[in-house]
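Visitor: Quick one, fold the following:
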Amino acid sequence: IIDKCIIWTLPLFKKGFKRDLNTEDLYSPLKEHQSNYLGDKLERLWNVELEQSEIKKKEPSLLKVIVKAFGTRTFFYGCLIALSELLFKVTQPLFMGGLIRYFSPASNMSIETAFLYVGGIVMCSVGNVLSRQSYMMAMFHIGMKMRVGVCSLVYRKALKLSMAAMRQTTVGQSVNLMSNDVNRFDNSVHLFVYLWYGPLQTLVMLYLMWLEIGFAAVIGVATILLVIPIQAGFGRMLSVFRLRTARRTDERIRFMNEIIVGIQVIKMYAWEKPFAHLVSLARRREIQAVRYACYIRGLFFSFEKFSAKIAIFASIVTYAAIGNDITAEKMFVVTGYINILIKSMTEFFPRSIAQISECFVSIKRTYKFLLHDEIADETRLSIMERTSKKDGDNYKTIDNNVDYNKVNSKSIVNGTHKIGINICDVTAKWSEDLNENALTNVNLDVKPGGLAAVIGPVGSGKTSLLHAILKELPLKSGSILVGGSISYASQEPWLFTGSVRQNILFGQPMDRIRYKQVVRVCALERDFELLPHGDKTIVGDRGITLSGGQRARINLARAVYKEADLYILDDPLSAVDTHVGRHLFEDCICDFLHNKTRLLVTHQLQYLQTVDNILILNNGAVEATGTYQELRELDLEFAKQLDLEVEDMELSALDLCSKELELIVITHLSLNEPEPVKVAEMRKRGNVSAEVYQSYCAASGNWCLITFVLFITVLAQIFISSADYWMSFCSILPPS
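Guide: The predicted model follows:
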């Protein structure tokens, strides 16, 4: 038993004594503690709750989901600790009173009986410690499971947020939910039992004290109960400040994230001090809310010692006032009962109210985050999609008040009507609060294997159209039919910390032939020659070690490497040179993807002669559509720019001829070279220096303030000890 409880940790402590511990020394988590298992469990229950709330026409409850997942075991452990404390804590004062009776002059108790009382006191102490610590360990495990499960739920939700929902939330809120709010489960779950056990224990203690001192017990218990409403009020105030602190923390984290994203611009313009001042102001507002919460929390916990002494004083004075003699036995027994009651009702019970109130605030914040709109679920198929699959075709539908009369469903079933992209009378807006639509009555038909281009001025709705196809932008009316799977290259290239190859593969299996082809058509061969480890070079956060053109081409290569039926490319040519852009357009978009359906957003009008269909957008509406020749004949302001690009296109062709040799290089893919090793962050070893403690104390205020706090602490302990001395003095007074 000792080995299972304690000794199994000794090898880990020995390692830590000999050297610094690292992540490899830690034990693997149990299956029931893993985030994927707990996340799946909570996500399944949350989805059921969402379905039931839709049926019953009421709001879903995240609290109900958590109770379903962990409530049974939490209540079971709560019942065990309640029985344990009633058994060990209640009987210990009785054993103490019996032992004190042995030392009274009029006692005729035998020494054997006294030893039995001593044994009872020891057994109660040992039993209480073992049961209490076992309960705490079990409840902290449950709290950890709640934290990990909810954190996984928030993480999964963040990955599925639509663009409209991302406009309503911030990165700071997501980070704060996963790093701060979920920690409330660890701090509060072990206190749940005192919400019902505290009142039950009060009734038991009142009965036992009535047997000892009669009516005086009611006065003592009433004194304790009078303090509870005050502490409950403090608990509600703490929840208010907790919500205020969380909001200000969200603002600070959002602000810091924006600074990190734009740190290059800040450094370039030497704006460090102004932004540092703004960060200081945001942090000061957050600390102000934290400080007020700490003041209330200090008053909250001070009532524990105060109410204990007042309750004992009131009980003993009342007992003596009604004509009873105070004995040491009754004094210690009543004091023991009141201390037990004080621990439960003025410490744990109000603390449970405060912590659970903060926990409810965190659950409410998490609940609101989980209700944000998601990208449309591709597994929810429309009637048209299910019908078309009977003949082996694959169609995905975004259905928002869709009118399918414009598409002959019979031809789809027979397989005679092939779909690349069919957009029919689409009107969409990012939010119902906005007055203007992002798209208005947009129509577009791209044949399977065709190449269509979307052009227009800045802010005309080109990217919004792509987001509508990707189910990021909710539709008000119309329909979008997409034939097959989609691969998307975003307008703003993004990279994660890892090798260039990992950013291109993005978790897909390695196909060396296709990989080499993608590298060639995306003009990355020369870059791999220049990079220190070729395509295994580690890029920094957001690809900060690469140029803008390199990031754009890697972003395009990731989309092209994926096998898909439809490729949506959002302006991939704007960040590259003219000759590289022509190479990407001709070799990658036109040649390598020639049998795929392609939708290209671009400002490079010189490439539009070979495009099958061109859509001109302006203010979210279709200004014109047709082939290159058809648009040139139209008397449109934007269409006139097509003629101006012809001359630039011819000059670009000459420039391309002079640059061809730079693209015909020996491929340097480093397929057989070892991966470069990521440099670990430096860790300082050894003991914590005195300067650290000194700086920590200095940060808490000046030395006069620290000395004053220490003086107040010592003075408070003197008053507490004086009250104990007064009670011991009263117990030895001769009977009146």
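Visitor: mind giving me the domain split of this protein?
Guide: As recorded under automatic domain parsing, the domains making up the chain are 2-370, 690-731.
Visitor: Would you single out the least confident of those?
Guide: Sorting those by mean pLDDT places domain 690-731 lowest, at a mean of 79.
Visitor: where's the residue nearest the centre of the chain, which helix or strand?
Guide: In the chain, the centroid-proximal residue (C-alpha atoms, centre = their mean) is residue 178; its distance is 2.8 Å. According to DSSP states H and E, residue 178 maps onto helix 171-179.
Visitor: can I get the CA coordinates of that helix in CSV?
Guide: In CSV, the C-alpha atoms belonging to helix 171-179 read as follows (Å, rounded to 0.1, in the frame of the first residue of the first chain):
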residue,chain,number,x,y,z
VAL,A,171,-7.6,36.0,-30.1
GLY,A,172,-7.3,37.4,-26.6
GLN,A,173,-10.6,36.0,-25.6
SER,A,174,-9.7,32.5,-26.9
VAL,A,175,-6.4,32.6,-25.1
ASN,A,176,-7.9,33.8,-21.9
LEU,A,177,-10.6,31.1,-21.9
MET,A,178,-8.0,28.4,-22.3
SER,A,179,-5.4,29.8,-20.0
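Visitor: Need the contact partners of it.
Guide: For helix 171-179, contacts defined as C-beta atoms under 8 Å, 6 or more residues apart in numbering pick out 151, 154-155, 158, 246, 249-257, 362, 365-366, 369. C-beta: built from backbone N, CA, C; applies to glycine.
Visitor: what distance separates that helix from the middle of the whole chain?
Guide: Put simply, helix 171-179 sits 5 Å off its chain's centre (C-alpha atoms, centre = their mean, to the nearest Å).
Visitor: Could I get the buried residue list for it?
Guide: Within helix 171-179, the residues scored as buried using 16 or more other C-beta atoms under 10 Å are 171, 172, 173, 174, 175, 176, 177, 178.
Visitor: wait, which of these is closest to residue 23?
Guide: residue 178 (19.6 Å; C-beta to C-beta).
Visitor: Would you map the strands across the protein?
Guide: Taking DSSP state E, the strands of the chain run over residues 395-399, 421-428, 439-446, 451-455, 475-483, 486-489, 498-499, 538-539, 566-570, 597-601, 613-618, 621-626.
Visitor: how about CSV for the ones you listed, with mean pLDDT added?
Guide: CSV is the format used below for those (pLDDT from 0 to 100):
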stretch, mean pLDDT
strand 395-399, 42
strand 421-428, 88
strand 439-446, 89
strand 451-455, 91
strand 475-483, 85
strand 486-489, 91
strand 498-499, 85
strand 538-539, 82
strand 566-570, 91
strand 597-601, 91
strand 613-618, 88
strand 621-626, 86
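Visitor: Switch these over to JSON lines; also include distance to residue 144 and mean neighbour count.
Guide: JSON lines is the format used below for those (distance: least, C-beta to C-beta, whole Å; neighbours: other C-beta atoms under 10 Å):
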{"stretch": "strand 395-399", "distance to residue 144": "40", "mean neighbour count": "20"}
{"stretch": "strand 421-428", "distance to residue 144": "43", "mean neighbour count": "22"}
{"stretch": "strand 439-446", "distance to residue 144": "46", "mean neighbour count": "19"}
{"stretch": "strand 451-455", "distance to residue 144": "50", "mean neighbour count": "24"}
{"stretch": "strand 475-483", "distance to residue 144": "42", "mean neighbour count": "21"}
{"stretch": "strand 486-489", "distance to residue 144": "37", "mean neighbour count": "20"}
{"stretch": "strand 498-499", "distance to residue 144": "29", "mean neighbour count": "18"}
{"stretch": "strand 538-539", "distance to residue 144": "33", "mean neighbour count": "20"}
{"stretch": "strand 566-570", "distance to residue 144": "42", "mean neighbour count": "23"}
{"stretch": "strand 597-601", "distance to residue 144": "47", "mean neighbour count": "24"}
{"stretch": "strand 613-618", "distance to residue 144": "51", "mean neighbour count": "22"}
{"stretch": "strand 621-626", "distance to residue 144": "54", "mean neighbour count": "18"}
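Visitor: rewinding a little: quick check: the residue nearest to the centre of the chain vs residue 46, distance?
Guide: As judged by C-beta to C-beta, to the nearest Å, residue 178 and residue 46 stand 16 Å apart.
Visitor: what's the answer for residue 312, then?
Guide: 49 Å.
Visitor: go on, residue 572?
Guide: For residue 572, the distance to residue 46 - C-beta to C-beta - is 38 Å.
Visitor: ditto for residue 480
Guide: Applying C-beta to C-beta, the value for residue 480 to residue 46 is 28 Å.
Visitor: Just name the most buried of the domains of the chain.
Guide: Neighbour counts (mean count of other C-beta atoms under 10 Å) averaged over each of the domains of the chain peak at domain 2-370, with a mean of 17.
Visitor: What segments of the stretch 1-150 of the chain are helices?
Guide: 2-5, 10-18, 35-56, 62-102, 111-159 (DSSP state H, counting those that start in this stretch).
Visitor: send the alpha carbons of the second one over as CSV?
Guide: Pointing back at helix 10-18 there. Listed next in CSV are the C-alpha coordinates belonging to helix 10-18 (Å, rounded to 0.1, in the frame of the first residue of the first chain):
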residue,chain,number,x,y,z
LEU,A,10,10.9,8.4,-5.4
PRO,A,11,12.6,7.6,-8.7
LEU,A,12,11.4,10.8,-10.2
PHE,A,13,12.7,12.8,-7.2
LYS,A,14,16.0,11.0,-7.5
LYS,A,15,16.3,12.1,-11.1
GLY,A,16,15.4,15.7,-10.1
PHE,A,17,18.1,15.6,-7.4
LYS,A,18,20.8,14.5,-9.9
